[in-house]
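Engineer: Using only what follows, build the 3D model:
(chains A and B)
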Amino acid sequence: MSDNIYLPQLARVASIKEEVAGERSIKTFRVEPVDGELFEHQCGQCAMLSIFGRGESMISIASSPLIREYKQFSIMRVGRVSSAFHELEVGDVVGIRGPYGNNFPIDDWRGKNLIFIGGGCGLAPIWPVITTAVAQRDNFKNITVFYGGRSPRDIMYRAELDKLRDAADVHLSVDKAEEGWDSYCGFVPANVMDKAPSPSNAIAITCGPPIMIKFVIQNLRQIGFTDEQIYTTIENKMKCGVGKCGRCNVGKDYVCVKGPVYSWAELKDLPEEY
Amino acid sequence: MEKILDKKQVDAWVAALTDWEVHAPVLEDGIWAYQPVSGAVRLNHPNTKQSPKGFAFPQREIFFSFEQIKGEPPKLTQIMPQAARHAVFGVRPCDGRGVPRMDKVFTDHVDDPYYNARRKNVAYVGLACNKPPSPNCFCLSVGGSPVSTDGLDVQLTDMGDRYFVKAVTETGKTMMAAASSLFAEPSAADKKQLKQIHADAVAHPQRKINDPDGAPAKLEASFDSPLWEEMARACIGCGICTFLCPTCHCFDINDEVQNKAPLKGQRVRTWDNCQFPDFTMHSSGHNPRENTAARLRQRVNHKFQYFHKNFGMHQCTGCGRCVSECPVGIDIVTVVNKVTENVG
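Structural biologist: Just a heads-up that it's a prediction; the model follows:
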């Protein structure tokens, strides 16, 4: 890698999969280095992706650090750069620099029950932890995954989630009942409350829309989880990724350096500027 | 190294600095601005409209260029700043103290290669303030002094028909050595006069932040104060406070495209501004700092709470530009005093 923190490495799009169609569509991209190797990363870290001529955007790395051949990103079409990503074809070359931010302390969680709670495209940032935990299945006790979307068509990683059932308890949900949907109907926090996972020797990791996170944490606290047992990620607009451009701070710390992973014990006392 | 330089010899010294491109404040259309000079250096300015931060951190700079022919990978060409050495004359102590603060930002955690490449080629020849050049000066409130040498390579003190010249760094010594015959040894009387000028300078009344040491904790406790909204009501979000500030470092990174096919353009860094709504606006439209009150609070907290917690110093050097130049009269001294009074 170059010493120049702002100079991206070139990466080729190896595959593109449409996860969710429609106005807020989500596509999953796997990128491989054009030359040499890509950087190593930890679960929860992010990368700055470029489309030259359009700009850069900070995206969480959705593949396990155990996978070295490619890095995976699931990107919702919302802004200038993410929209440009949705126009890419396999073989196109993008820029990538990173890794940025802290990580989920997965090594500290050995011997524990892991409960993942995701909503919408919030499955992507916790997907590396889920898949790493599953790859190191013997290191952990029960693995439970709650995940929900607005409708069955908004469920991402559908096939991967089905495959996950061999190693984990998977509880899917959709916000509104729909014909042909035989899992839970209702919001993700309600599904968590309904199944009421035990806080005993457990860590809960949640990511999704802010309103979902808020109620998930509220419900987890009610079930008996302590603030230290709950982890989440936050996001803010970022430009540099290295704590210099000045915009992503929450309190005195920049999310791009000290985040995106926070325990609720750390996060609850910070100003809500995210 | 301490010397005396006759004011008539300043131009000769500037001429002897052949390794340097010398910049000094020049008055043009009523505005003092740093400009390249080869002589006629008269350091009789109050302070410049803009701080000298642009020498190491220009308002716009290119990171790299990109070119792409359809079907081929893009070609990136890194563009590092050219090695011009800038000697900046007449830097006021507040602006000198801005330099180590910018250094902290751009070297903490990881080095910024563009900043470093420029910074190592800038020397700051300061001018002590015998009296505050602006009615809004408050350097003494933020750990500074009108005779501070912090961040400077050389300090000049105006002693009437001559300057007392003090080398602060090795670079400063080299610059003085480039014209050693112009400098005289200071007499005991010169040293006594310098001491008196500096003592008078420090004793000169300034505006005052009432509890600068208590500000970080008091601001933290005042995050939800209704005063933020009251104080920011007049703000028009023009951002002049940050653009003129010697320590504001926030920036944006964008791609500029000269040609779409074949693609040709460059990635540029430009100064950005925490007072602009889109500074923090997510693509979704959600904005964590959605109004002027939240943005004023961020600027004041960054300067008097967050930076202090991270680096043990206020990120404000008391130059008073943001106070003097705000078109709607928002005054950071008053804001800090009001928000922190009656707290804790």
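Engineer: Low-confidence ranges, the stretch 1-150 of chain A, go.
Structural biologist: Counting by pLDDT under 70, the stretch 1-150 of chain A contains low-confidence ranges at A:1-2.
Engineer: which parts of stretch A:20-35 are buried?
Structural biologist: For stretch A:20-35, burial by neighbour count (16 or more other CB atoms under 10 Å in any protein chain shown) applies to A:20, A:25-31, A:33. Every C-beta, even on glycine, is put in place using the N, C-alpha and C of the backbone.
Engineer: Nearest to residue A:93 among those residues?
Structural biologist: Nearest to residue A:93 among the buried residues of stretch A:20-35: residue A:31, at 9.0 Å, using CB to CB.
Engineer: Contact partners for that closest one?
Structural biologist: Neighbouring residues of residue A:31 by CB atoms under 8 Å, 6 or more residues apart in numbering or on different chains: A:11-14, A:38, A:70-71, A:73, A:94, A:96.
Engineer: How far off centre is stretch B:135-155?
Structural biologist: Taking the mean of its C-alpha atoms, stretch B:135-155 sits 12 Å from the chain's own mean (CA atoms, centre = their mean, to the nearest Å).
Engineer: what does the stretch 101-250 of chain B have sitting close to chain A?
Structural biologist: Along the stretch 101-250 of chain B, the residues adjacent to chain A under the rule CB under 8 Å from any CB of the partner chain are B:105-106, B:108-114, B:223, B:249-250.
Engineer: how about 7 Å then?
Structural biologist: Along the stretch 101-250 of chain B, the residues adjacent to chain A under the rule CB under 7 Å from any CB of the partner chain are B:105-106, B:108-110, B:112-113, B:223, B:249-250.
Engineer: Which residues does the host helix or strand of residue B:295 contact?
Structural biologist: The secondary structure element spanning residue B:295 is helix B:292-301 (assigned by DSSP states H and E). Contact with helix B:292-301 is made by B:219, B:228-229, B:231-232, B:235, B:237, B:241-242, B:274-275, B:289, B:332, B:335-336, as judged by CB atoms under 7 Å, 6 or more residues apart in numbering or on different chains.
Engineer: Now do the contacts for the residue of the stretch 51-200 of chain A found nearest chain B.
Structural biologist: Closest approach of the stretch 51-200 of chain A to chain B (CB to the nearest CB) occurs at residue A:79, with a separation of 3.0 Å. Applying CB under 7 Å, 6+ apart, one finds that residue A:79 lies in contact with A:57, B:283.
Engineer: Count the residues that sit near residue A:247.
Structural biologist: By the other CB atoms under 10 Å in any protein chain shown criterion, the neighbourhood of residue A:247 contains 26 residues.
Engineer: for residue B:31, same thing?
Structural biologist: Applying the criterion other CB under 10 Å, we find 11 residues in the vicinity of residue B:31.
Engineer: hang on, the earlier thing: which one of the contacts of helix B:292-301 is nearest to residue B:258?
Structural biologist: Where the contacts of helix B:292-301 are concerned, and distances follow CB to CB, residue B:258 has its nearest neighbour in residue B:242, at 28.8 Å.
Engineer: what kind of secondary structure is the closest one in?
Structural biologist: State at residue B:242, reduced to three classes by DSSP: H, G, I helix; E, B strand; the rest coil: helix.
Engineer: Nearest residue to the residue nearest to the spatial centre of chain B in space, ignoring adjacent ones along the chain?
Structural biologist: Geometric centre of chain B, nearest residue: residue B:246, 2.1 Å, by CA atoms, centre = their mean. The spatial neighbour of residue B:246 that comes closest, neighbours along the chain excluded (CB to CB, 6 or more residues apart in numbering or on different chains), is residue B:98 at 3.0 Å.
Engineer: Over to residue B:270?
Structural biologist: residue B:60 (4.8 Å).
Engineer: circling back to that earlier point, drop anything exposed from the residues of the stretch 101-250 of chain B next to chain A.
Structural biologist: Neighbour counting over those (16+ other CB under 10 Å) leaves B:105-106, B:112-113, B:223, B:249-250 as the buried ones.
Engineer: Next, check these against the helices and list the overlap.
Structural biologist: Among those, the members found in helices (DSSP state H) are B:105-106, B:113.
Engineer: Alongside chain B, which residues does the stretch 1-150 of chain A contribute?
Structural biologist: Within the stretch 1-150 of chain A, the positions lying close to chain B (CB under 7 Å from any CB) are A:3-7, A:10, A:34, A:52-56, A:78-79, A:82, A:93.
Engineer: Sort out which of these are buried, if you could.
Structural biologist: Among the residues of the stretch 1-150 of chain A next to chain B, the ones that count as buried by 16+ other CB under 10 Å are A:4-7, A:10, A:52-56, A:78-79, A:82, A:93.
Engineer: what residues are up against residue B:333?
Structural biologist: B:138, B:207, B:209, B:323.
Engineer: let's go with 6 Å and repeat that
Structural biologist: B:138, B:207, B:209 (CB atoms under 6 Å, 6 or more residues apart in numbering or on different chains).
Engineer: Same question for residue B:24.
Structural biologist: Residues touching residue B:24, when contacts are defined by CB under 6 Å, 6+ apart, comprise B:37, B:41, B:89-90.
Engineer: redo that, cut-off 7 Å
Structural biologist: For residue B:24, the contacting residues are B:34, B:37, B:41, B:43, B:89-90, taking CB under 7 Å, 6+ apart as the criterion.
Engineer: now the strands for the stretch 201-344 of chain B?
Structural biologist: Taking DSSP state E, counting those that start in this stretch as the test, the strands found in the stretch 201-344 of chain B are B:251-259, B:263-271.
Engineer: which other residues reach the first one?
Structural biologist: Going back to what we said before, that points to strand B:251-259. Identification of contacts with strand B:251-259 by CB under 7 Å, 6+ apart yields A:52-56, A:239-240, A:245, B:264-272.
Engineer: Who are the contact partners of the residue in the stretch 101-250 of chain B that chain A sits nearest to?
Structural biologist: The nearest approach of the stretch 101-250 of chain B to chain A comes at residue B:250, 3.3 Å away (CB to the nearest CB). Contacts here follow CB under 7 Å, 6+ apart; on that basis residue B:250 touches A:245-247, B:242, B:272-274.
Engineer: What is the neighbour count of the nearest residue to it once chain neighbours are set aside?
Structural biologist: Leaving out its chain neighbours, the residue that sits closest to residue B:250 by CB to CB, 6+ apart is residue A:246, at 3.3 Å. For residue A:246, the tally of surrounding residues (other CB under 10 Å) stands at 23.
Engineer: Residue A:246 against residue B:247, yeah?
Structural biologist: No: Residue A:246 is beyond contact range of residue B:247, at 11.1 Å (criterion: CB atoms under 7 Å).
Engineer: Give the residue farthest from the middle of chain A.
Structural biologist: Among the residues of chain A, the one whose C-alpha is farthest from the average of all C-alpha positions is residue A:179, by CA atoms, centre = their mean at 28.8 Å.
Engineer: before we move on, the earlier item: what average pLDDT does the helix holding residue B:295 get?
Structural biologist: For helix B:292-301, the mean per-residue pLDDT is 98.
Engineer: and that helix, how far out from the chain's middle?
Structural biologist: On the basis of CA atoms, centre = their mean, helix B:292-301 is displaced by 20 Å from the centre of the chain it belongs to.
Engineer: Equivalent analysis for stretch B:235-244, please.
Structural biologist: The mean C-alpha position of stretch B:235-244 is separated from the chain mean by 15 Å, CA atoms, centre = their mean.
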